[in-house]
Each structure stands twice: as C-alpha cells, then as structure tokens.
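In: what's the 3D shape of this:
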Amino acid sequence: MTDDGDLWRLAATELARRYRDGSLEPVAVARACLARLEQVNPLLNAVIARRDEAFLQEAAAAAARFRAGRPLSPLDGIPLSVKDSLYTRDQPTTWGTRGLRDWCTGEDELAVARARAAGALVLGKTNVPEFALEGYTDNPVFGVTGNPWNSALTPGGSSGGAVAAVAAGIGPLAIGQDGGGSIRRPASHAGLVGLKPSLSAVPREHVFPSLLLDFEVIGPLARTVADARLLFGQMRGPHPADRSSFSAAWAATTAPPPVPLRILYVERFGDAPLDPQIAASVQRGVQALASLGHRVETGALPLDLGFFTDAWPQIGQVGLARMFEQHPDWAAQASPKYLEMAALGQRVPAARLWHIVESVRRLRREVALLFERVDVIALPSAAALPWPKADAYPPVIDGRPVGPRGHAVYTGWVNAAGLPALAVPCEPSSEGLPIGMQLVGGYGRDDLLLDLGEAFEAAQPWAHRWPTLGPRAA
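Out: A predicted model of the protein is given here:
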C-alpha cells in the first residue's frame, strides 16, 4: 500500500485503476503532487506557472464523478503539466520570451482542450527555451531548468521543464511538443518515455505561428509506455481544423506488419561523434529487441539527408523572420540571438525556401519506400549525455568538437519525414545519467511503436529508477 505522502510516485495507469476501484481519490493525489512540487521545484525550475486552487477544485469535481460512477475517461483525475509553448485558456503562454510574459489568448491548444475534456487535471505550465528553439532550457523570463538526475546539468530542450517535472514526480504526465527532437532528446536525458507522433496524429488548433514548417507535433511524456499511450489516446484523432489529421487517422487503421518485425539498427550517422556510453547502452537495448524474437539488421540509414545540414538552421531563421514581421512587438523584446537569426532569415531567397520544401517532400516519398523494406528503425535518441544546464549545447562529444546540433543529429530528420518515433530508456551511464533509444516507425505506425516499447519495457524495466530527488531504487 502506498503511503499518502508518496502518491506522487504512482503511474497514471495505476491512478486510473485505483480511482475506479475506489481505493484512492483524485484530491489526495492532487495534494501529493502539489507537495512534491513545493519540495523539488525550487531545485529544478521545471514548473513556471501554477494554478493550485483551480487544480484542487477540478480534482474535487473528478472525485465526485468517480463517486457517482460517471468518470469522463481513463484520464479523469490524472495530474499533468503543459509545456509553455502551448496555449492554455486560463494561464499566460510566454514561450520563454519577454514580449509574451502576459500573453493569454483565452484558448486551449486542441490537445490541451481534449485532455481537459477527458478530465485531466492541469497543474501548471513547464519551462522552455525562448521560442522553444534550443536543445536546452533557459530563457530571460524564468531562467534555467535543471535535470532531476543532476540539477547542475540540463534536461535538454525544448521540453526540458516537462521532462524535469515528470522525472521528479511533480506529475505523472506532461504534454510536450517536438519540432526537431524536443520530446525525444529530453526524454532520453531524464529517463522517460516520449512519443513524437506521426504528423497530424494529434491535430493542431489555437497555436503560435509555426517556426519549423509543419514539423512541430504534440506528444506525451511519461514514466511508462502505458502512461504515454493513455495520454496519447485522449489527444489523437481527426479534427476539421487540421485536414491532414484525417490522413493520419486513416494511416493508423492500416494492418500492422507481421511479427517478427524487421528492425534496422543505425548506430551512427556517418562520422558524427557519439558518446561511447550511449553507443554501448543502445547496442544492449537493440540486443534486447532481438531477444524478443525480432529480426535486427545493423547498417547505415539508407536516406540522403545531406540537404538537411544547411536547411535546418535556415528553416528556423525564415520562420522567425516571418513571425517578427507579423508581430514586431514580440521582436522588440526578443533576445539578440533571435533577432540575428531572423535577420539571416530575411536574406534567404524564396527560391531557397521552395527548394527546402521540395526536398522535404522528396524525403517523405523516400521514407515511404524505405518502410516497405523495414518496419522499425532503432537508433540513439541523443548523441551526448546531459551537459551543464546553462550551456546551449555540448561543445565536445567523444573528444571531438561539435556545433549546436552535434548532440541532436538523430532526431530532426524524423520530424521532416513526418514519422512517429518513441524514445525509451536504456541502461544508464556509469554516472547514473539516463540514456535513451529511439524507435522510428512508418507513417501511422504509432501504435506499433507503443506495442514494441511495452514489450521492451517488460523485458528491460526502468520505472523503478528514480533520481536522488526521489526515492532510491530498491
């Protein structure tokens, strides 16, 4: 029996079970999560906006629904946090920038609205880097976020506050956003599960201007695959505001490939450096997949991603330039770094942007053919272990100097391709830092990845691991 003071440790699926059998009520869990927030958030700066009174009132309403035998969904009464790049109707969405400190549209991002309609309890907003464009989490409004496994290190970004909150036990679930790895890399740095869904599997409405074409998707962060599936199940599904969501829903209904799965293991991208501990941990993770009976082949990724090296920064630069053109008041208070990026974006020719769009379309055609030959691609989630939290990126990986995207080489192409990808924890490093493996599937194969992730988790469990901020593993 879990002590009331430790209710924050329970998985979302366990909370749902206990709510149903009447052995636990949402108010007790909500109070435990707030107490945990008070205990650990000053060390981490994960949650940057709270709504305690409304949170407790909504927990009481959920409890009443369970007593009446009328819960709204399996998510009813489950606490979660929302990334501060997603609109929430009753709190500002600052995007980590001074010009939006008080920005509140009175609307929920569609995924947030669906979670609320399902009875989820929103405890607050989680920290992001400015404009959610970095692989670490720091901004001029709320400051830097630390990693629960070592608060001097980063949890990554841009969903850094989200993963820090879940990993520290502030809440069992978080809604994140992934435009180039911003769910999967932080999940790997915090020992969590993170799903970047297929493009438009979770439809978008009431959103900030896109800075990364259509690459940015909404997905769940959790401690277990079952918990991630629970939240994803409430956020997914077509909506008229996002026409492509109907294609995503159709793709999800196609018959899954037969077992055993054909898994391509890609350890490295060319000569890009990879931390040796990550390489070894993911290798063992892939061996575990093979032990489940799947056919694993090791090789290079058979895609030409050369265009992406130059295109990636230009996409963000053009996106910022366009946004600042639309919102000069936001530009007036933006940090100089982003003004410089926007200035570069203004100089990108329209023909170059069109070439990038055409290259993305070609990539999507190529991956469709690739996934006729393989079912899943396994590769590291990140190339580096967590680094000092105030640094934008690790300057060296495995003794070799790298640039700002050196740690992130494995993730952005998945967004450009519109594919689903699931980050799952592997064996931690010798220092006890988390390491993640990324499983990439064909378009619409989100459920296949979740099934594979659950089987892997059963064989190589990780939910018993807690950072020193939480209980030590037995």
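
In: How many neighbouring residues does residue 171 have?
Out: 30 (other C-beta atoms under 10 Å). All C-beta atoms are positioned from the backbone trio N, CA, C, and that covers glycine.

In: tell me the contacts of it?
Out: 8, 33, 79-81, 123, 165 (C-beta atoms under 8 Å, 6 or more residues apart in numbering).

In: do residue 264 as well
Out: Counted by C-beta under 8 Å, 6+ apart, residue 264 has contacts 296-299, 301, 374, 376-378.

In: Could you look up the SS state of it?
Out: Counting by DSSP: H, G, I helix; E, B strand; the rest coil, the backbone at residue 264 sits in strand.

In: distance of it from residue 375?
Out: 9 Å (C-beta to C-beta, to the nearest Å).

In: Can you pull the poorly scored residue ranges out of the stretch 1-150 of the chain?
Out: 1-5 (pLDDT under 70).

In: how about the strands of it, start to end?
Out: All strands of the stretch 1-150 of the chain, identified by DSSP state E, counting those that start in this stretch, fall at 47-50, 79-83, 121-126.

In: quick one: which of these is nearest residue 318?
Out: With C-beta to C-beta, the closest approach to residue 318 among the strands of the stretch 1-150 of the chain belongs to strand 79-83: 23.2 Å.

In: Pull up the pairing partners for the closest one, direction included.
Out: Sheet pairing for strand 79-83, assigned by DSSP bridges, gives strand 121-126 (parallel), strand 173-178 (parallel).

In: what would the ones you listed look like in CSV with mean neighbour count and distance to residue 95?
Out: Output for the strands paired with strand 79-83, formatted as CSV (neighbours: other C-beta atoms under 10 Å; distance: least, C-beta to C-beta, whole Å):
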stretch, mean neighbour count, distance to residue 95
strand 121-126, 28, 11
strand 173-178, 30, 11
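
In: Point out the one among those strands that comes closest to residue 391.
Out: strand 121-126 (20.2 Å).

In: Can you work out which other helices and strands pack against the helix or strand following the closest one?
Out: For strand 121-126, the succeeding helix or strand toward the C-terminus, using DSSP states H and E, is helix 160-167. Packing partners of helix 160-167 (3 or more C-beta pairs under 8 Å, 6 or more residues apart in numbering; DSSP states H and E): helix 26-44, strand 47-50, strand 79-83, strand 121-126, strand 173-178, helix 184-190, strand 217-222.

In: how far does the fourth one sit from the chain's center?
Out: The one in question is strand 121-126. 15 Å (C-alpha atoms, centre = their mean, to the nearest Å).

In: can you list the residues that contact it?
Out: 26, 30, 33-34, 37, 46-51, 55, 58-59, 62, 77-84, 88, 91, 93, 112, 115-116, 159-162, 164-165, 170-171, 174.

In: Only the buried subset of those residues, as a PyMOL command please.
Out: To isolate the buried members of these in PyMOL, using 16 or more other C-beta atoms under 10 Å:
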select buried, resi 26+30+33+34+37+46+47+48+49+50+51+55+58+59+62+77+78+79+80+81+82+83+84+88+91+93+112+115+116+159+160+161+162+164+165+170+171+174
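
In: re earlier: report the two of the contacts of residue 264 separated the most.
Out: Longest span within the contacts of residue 264, C-beta to C-beta: 296 and 301, 14.8 Å.

In: Okay, the most centrally placed residue in the chain and residue 427: tell me how far apart.
Out: The centroid of the chain falls nearest to residue 183 when counting by C-alpha atoms, centre = their mean (2.0 Å). As defined by C-beta to C-beta, residue 183 lies at a distance of 21 Å from residue 427.

In: go on, residue 152?
Out: 22 Å.

In: Neighbour count: these two, which is higher?
Out: residue 427 (17 against 11).

In: My guess is that one contacts residue 279. True?
Out: No - Residue 427 lies out of contact with residue 279 (C-beta atoms under 8 Å); the separation is 11.9 Å.

In: Please tell me how far residue 407 sits from residue 45.
Out: 21 Å.

In: For these two, indicate the residue with more neighbours.
Out: residue 407 (29 against 21).

In: Now do the same contact list for the residue nearest to residue 25 when sequence neighbours are not counted.
Out: In this structure, residue 25 finds its nearest non-sequential neighbour in residue 63, 4.5 Å apart by C-beta to C-beta, 6 or more residues apart in numbering. Taking C-beta under 8 Å, 6+ apart, we find residue 63 in contact with 25-27, 77.

In: need the residues you listed in a markdown table with distance to residue 461, can you?
Out: A markdown table is the format used below for these (distance: C-beta to C-beta, whole Å):
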| residue | distance to residue 461 |
| --- | --- |
| 25 | 28 |
| 26 | 27 |
| 27 | 30 |
| 77 | 26 |
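
In: Looking at those residues, which is nearest residue 17?
Out: residue 77 (11.6 Å).

In: give the contact list for the closest one.
Out: Residue 77 neighbours (C-beta under 8 Å, 6+ apart): 15-16, 19, 25-26, 29, 59, 62-63, 65-66, 71, 119, 121.

In: let's go with 6 Å and repeat that
Out: 19, 26, 62, 119 (C-beta atoms under 6 Å, 6 or more residues apart in numbering).

In: ok, it to residue 118 distance?
Out: On the measure of C-beta to C-beta, residue 77 and residue 118 end up 10 Å apart.

In: Could I get the pLDDT score of residue 309?
Out: Note on residue 309: pLDDT of 88.

In: Okay, and it sits in which element?
Out: helix 306-326.

In: And the contacts of whichever helix or strand comes after that helix?
Out: Next helix or strand after helix 306-326 toward the C-terminus (DSSP H and E): helix 328-332. Residues outside helix 328-332 that contact it (C-beta under 6 Å, 6+ apart): 99, 324.
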